[in-house]
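dropping a prediction and its sequence here:
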Amino acid sequence: MSHETVKVILEQSYPYSDFQSWYDSLDVHEKEVWNYIVKDFNRTERNIELLAKKAMELYCIEMDIDYIPNSEEYLETIYRRFINNIILASMQERGLIKLTHGKLSFLSDAKFEVTDIK
């Protein structure tokens, strides 16, 4: 029997409450590791699992929920948003883009503009 929802096991407390605060809490090496995993076109099953689990965790924390729909399409959407957010956060840190409206989140779209290359 297929369930309509999947329970996501979360720790009692996290030092972050959304994608941006999680990303900001990482040290330089951790950011490099996540960026490598995201940009690796030949991802191992282990790396895909890491990305999916972190995406679900951060999504649930941000939404203040612990269940998500049992849907591959839904998980794929969360997974893609997580990957896009890491890429955008990395580009912002390197000064390639700047945030003009909103914040990096699973819940809303941030607006960026490309910075002048000097």
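That came in fine, so what should we check first?

contacts for the longest helix seen in the chain, please.
Looking across the chain with DSSP state H, the single longest helix is helix 72-93. Here helix 72-93 makes contact (CB atoms under 8 Å, 6 or more residues apart in numbering) with 19-20, 23, 31, 34-35, 38-39, 51-52, 54-56, 58-59, 68, 97-99, 104-106, 110, 112. For glycine as for every other residue, the C-beta is placed from the backbone atoms N, C-alpha and C.

just the buried ones among the residues you listed, please.
19-20, 23, 31, 34, 38, 51, 54-56, 58-59, 68, 97, 104-106, 110, 112 (16 or more other CB atoms under 10 Å).

in strands, which of those fall?
68, 97, 112 (DSSP state E).

need the contact list for the nearest residue to the second one once chain neighbours are set aside.
Nearest residue to Ile97, sequence neighbours excluded (CB to CB, 6 or more residues apart in numbering): Phe112, at 4.4 Å. In this structure, Phe112 makes contact with 88, 91-92, 97-100, judged by CB under 8 Å, 6+ apart.

spatially speaking, which residue is in the middle of the protein?
Phe82 (2.7 Å; CA atoms, centre = their mean).

is it true that Asp66 touches Leu10?
Yes: Asp66 is within contact range of Leu10, at 5.8 Å (criterion: CB atoms under 8 Å).

perfect, that will be all.
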